[in-house]
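Participant: I need the structure of the sequence given here:
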Amino acid sequence: MTDRDVTVREPRLSEQLVAEGRSPSKCEQICQTLRRYIGSGQLGAGQQLPAERALSERFATTRITIKEALSSLEADGLIYRAERRGWFVAPPRLTYDPAIHTHFHQWIGEQQRTAETRVLAHGSDLASSELCRWMGLDPFTPLYEIRRQRLIDGRPVLHVSHHLLASRFPDIASAPLASSLTELYRQRYGIGQGGASLEIIPSAARGAIARALNLAEGSAVLRLVRVNYDETGALVDCDVEHWRPDAIRICLDTRALSPMGAGVPAQSQGKIRA
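Facilitator: Residues are numbered from 1 along each chain as shown. Model (predicted):
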């Protein structure tokens, strides 16, 4: 979209602001206008917004005010920022239910979207103190790490590092690591899905994670740490996922959970896997 593609019109006052007896600020006006363009489809998913300087000229305001408005819309998941490329209209968030047994590509396909996985690096490693805590391991336990970038409709949305218990996965380096690890575990090693523990916290993208997600250093991300077990309750691996927060919504319906199986640790029985 060129800078001439958008004609800015002053928005109507919102009912809330009228009720409060005040006029909207310039930032609120900008947000209202862009919300209407996005809501009406005049600005479609994936479409690029004019540059910040062009927007400041259109709205006759400062770039500081423009940045404030864009940050507000980003917080609501309506737009997203791509480092060194600008601002884009965000596609609808995907619904992410950890209680559902499915793998990434199947889950994305079921929501009529296109998934892609790229292997960034892989190799042998020793369990860090953090992984020892999450996985209940002794210090220096041998692991095999696989780092992958995952895209939806061509847009990077997820950086994930898989930390596999090395003793359970001999010759894993020769396997097709861009494919579903869930299927690889089952077909090549006879390891099926059991329960999982899940930790979700906000975090910041730095280094390789920021680069993989095309984010500025320190940008907000959603970190999911999932420790996975097999059908007998034995440890399999740990996935550390960093999501663009505008890409997904976490929805968990506990009615979908089956009763706890014998020998399975008292963690979540369902999961979306790799």
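Participant: C-alpha only now, for contacts and for neighbours.
Facilitator: Fine.
Participant: and the gap between S179 and L43?
Facilitator: The gap separating S179 from L43 is 34 Å, by C-alpha to C-alpha, to the nearest Å.
Participant: quick one: what helix or strand has H159 in it?
Facilitator: For H159, the host element (DSSP states H and E) is strand 155-165.
Participant: Pull out the buried positions in the helix or strand following that strand.
Facilitator: For strand 155-165, the succeeding helix or strand toward the C-terminus, using DSSP H and E, is helix 181-189. Residues of helix 181-189 classed as buried: L181, T182, E183, L184, Y185 (neighbour count, 16 or more other C-alpha atoms under 10 Å).
Participant: likewise stretch 187-207?
Facilitator: For stretch 187-207, by 16+ other C-alpha under 10 Å, it's I191, G192, Q193, G194, G195, A196, S197, L198, A205, R206.
Participant: where does this structure have low pLDDT?
Facilitator: 1-23, 99-101, 255-274 (pLDDT under 70).
Participant: and which of the buried residues of stretch 187-207 is nearest A90?
Facilitator: Here the nearest of these to A90, counting by C-alpha to C-alpha, is A205; it sits at 18.7 Å.
Participant: For the buried residues of helix 181-189, could you give me TSV that also reports distance to Y80?
Facilitator: Below are the buried residues of helix 181-189 laid out as TSV (distance: C-alpha to C-alpha, whole Å):
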residue	distance to Y80
L181	29
T182	30
E183	33
L184	34
Y185	35
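Participant: Just list whatever residues bridge to V89.
Facilitator: I79 (DSSP bridges).
Participant: shouldn't it be in contact with Q42?
Facilitator: No - if you go by C-alpha atoms under 8 Å, V89 and Q42 don't touch, sitting 10.6 Å apart.
Participant: More neighbours: these two, which one.
Facilitator: Shown here are V89 and Q42; by other C-alpha atoms under 10 Å, V89 has more neighbours (21 against 13).
Participant: quick one: the more buried one from L70, how far?
Facilitator: According to C-alpha to C-alpha, V89 stands 11 Å off from L70.
Participant: do the same with Y229
Facilitator: 42 Å.
Participant: all strands for the chain, in order.
Facilitator: Counting by DSSP state E, one finds strands in the chain at the ranges 79-82, 86-89, 94-96, 102-103, 115-126, 142-152, 155-165, 196-204, 220-229, 235-243, 248-250, 272-273.
Participant: Can you say which of the ones you listed is nearest to Q48?
Facilitator: Once the strands of the chain are compared by C-alpha to C-alpha, strand 86-89 is nearest, at 4.3 Å.
Participant: gap between Q32 and V89?
Facilitator: Q32 is 15 Å from V89, by C-alpha to C-alpha.
Participant: now do S71
Facilitator: 13 Å.
Participant: Also P245?
Facilitator: Distance from P245 to V89, by C-alpha to C-alpha: 14 Å.
Participant: cool, and I248?
Facilitator: Distance, I248 to V89, by C-alpha to C-alpha: 15 Å.
Participant: swap in D237?
Facilitator: For D237, the distance to V89 - C-alpha to C-alpha - is 36 Å.
Participant: Dump the strands of the chain to JSON lines, plus distance to D171.
Facilitator: Converted to JSON lines, those look like this (distance: least, C-alpha to C-alpha, whole Å):
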{"stretch": "strand 79-82", "distance to D171": "37"}
{"stretch": "strand 86-89", "distance to D171": "42"}
{"stretch": "strand 94-96", "distance to D171": "32"}
{"stretch": "strand 102-103", "distance to D171": "22"}
{"stretch": "strand 115-126", "distance to D171": "11"}
{"stretch": "strand 142-152", "distance to D171": "10"}
{"stretch": "strand 155-165", "distance to D171": "12"}
{"stretch": "strand 196-204", "distance to D171": "25"}
{"stretch": "strand 220-229", "distance to D171": "20"}
{"stretch": "strand 235-243", "distance to D171": "16"}
{"stretch": "strand 248-250", "distance to D171": "34"}
{"stretch": "strand 272-273", "distance to D171": "21"}
